[in-house]
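> coords below, sequence missing:
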């Protein structure tokens, strides 16, 4: 029995019904197109959800506590990714070393940026030097700057430290809200109520900034100094070796600063290079410049955090200050 005469002439969403029986290829294609079109239209309708800020840990199989613990251990101790994988496995957490690498590369810059509003003011005397490391078998130069030890670079009010922007340092910028205290720097430290404390010393100098470069030239030195000055303001004195590129950049960018190149004056930052080299030694080598930059920045962040240069973990014992600081940062990352 043929249904062609009964269906012929009817119209659907895809046009008129073609004439012919059930065995007609044209009729079968028409029926499939009509049903699929209406059902497909129903399936394709989507309601746009209201934008709600999500955590950076959304979509990860492991909880934030495990991720931050792994990142903190890697930045703090001289471990390779396989060492870290073994330590977690002993605690019943099975994570591949490649996953640990991705966690470190993803969350280290986030933690550094989240902690920036809580960072203490850097000193007016900078010690700048270059060290070197190998990335994929090629030499790379690491520009590092460390400030002087203590001696009145803290503006203290009720145990807190003011920023360079609060103190009116030229070129300094306020970096927002501190996750530890929940208030901005300007609210916590009004300049008129602060006073410099010459006895407010810290264990060691603060690592001001780091920069990984393929070359050791004027362009690399200019980029390093420009970034550091934008974030922390202009220094009053810069101590370096007798490299001509550094001297030229200092004359151009900070002409008012005193430039000290006397022998042994830069021993402070040269000795501080050893901590970075000790951290990189257990690794089997760096393969990408970006990877090297993230790890070196993370090492400097952890170094400053343990030395007490952040308003994070201030109520914890020194031995657990880093752990307390990471718990505070977990709320804003």
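All right, it came through fine. These numbers come from a predicted model, not from an experiment.

> C-alpha from now on. contacts and neighbour counts both.
Fine.

> any idea where the helices of the stretch 151-300 of the chain begin and end?
185-188, 218-232, 244-253, 267-280, 289-306 (DSSP state H, counting those that start in this stretch).

> and residue 136, what does it touch?
Each residue near residue 136 by CA atoms under 8 Å, 6 or more residues apart in numbering is listed here: 285, 286, 287, 288.

> Which ChimeraX command selects the buried ones in the residues you listed?
Burial among the contacts of residue 136 is assessed by 16 or more other CA atoms under 10 Å; the matching ChimeraX selection reads:
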select :286
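
> ok, the contacts of residue 136 vs residue 278, which is closest?
Using CA to CA, residue 285 is the member of the contacts of residue 136 that lies nearest residue 278, at 13.1 Å.

> and the closest one, backbone torsions?
With angles defined as degrees, to the nearest 10, residue 285 shows backbone torsions of phi 120, psi 150.

> I'd guessed it sits against residue 135; true?
Yes - using CA atoms under 8 Å, residue 285 is in contact with residue 135, at 6.9 Å.

> how far away is residue 274 from residue 88?
According to CA to CA, to the nearest Å, residue 274 stands 28 Å off from residue 88.

> quick one, which of the two is more surrounded?
Taking neighbours as other CA atoms under 10 Å, residue 274 and residue 88 compare with residue 88 leading, 17 against 12.

> mind listing what that one touches?
So residue 88 contacts 94, 95 (CA under 8 Å, 6+ apart).

> Could you double-check that residue 100 sits in contact with residue 70?
Yes - using CA under 8 Å, residue 100 is in contact with residue 70, at 7.1 Å.

> ok, of the contacts of residue 136, which one's closest to residue 303?
Distances from residue 303 to those, taken by CA to CA, are shortest for residue 286, at 20.3 Å.

> thinking the closest one is in contact with residue 138, fair?
No - if you go by CA under 8 Å, residue 286 and residue 138 don't touch, sitting 9.9 Å apart.

> thinking again about what came up before, now do the shared contacts for residue 100 and residue 70.
By CA under 8 Å, 6+ apart, the residues touching both residue 100 and residue 70 are residue 84.

> most tightly surrounded among the helices of the stretch 151-300 of the chain?
Greatest average neighbour count among these goes to helix 289-306 (a mean of 20), per mean count of other CA atoms under 10 Å.
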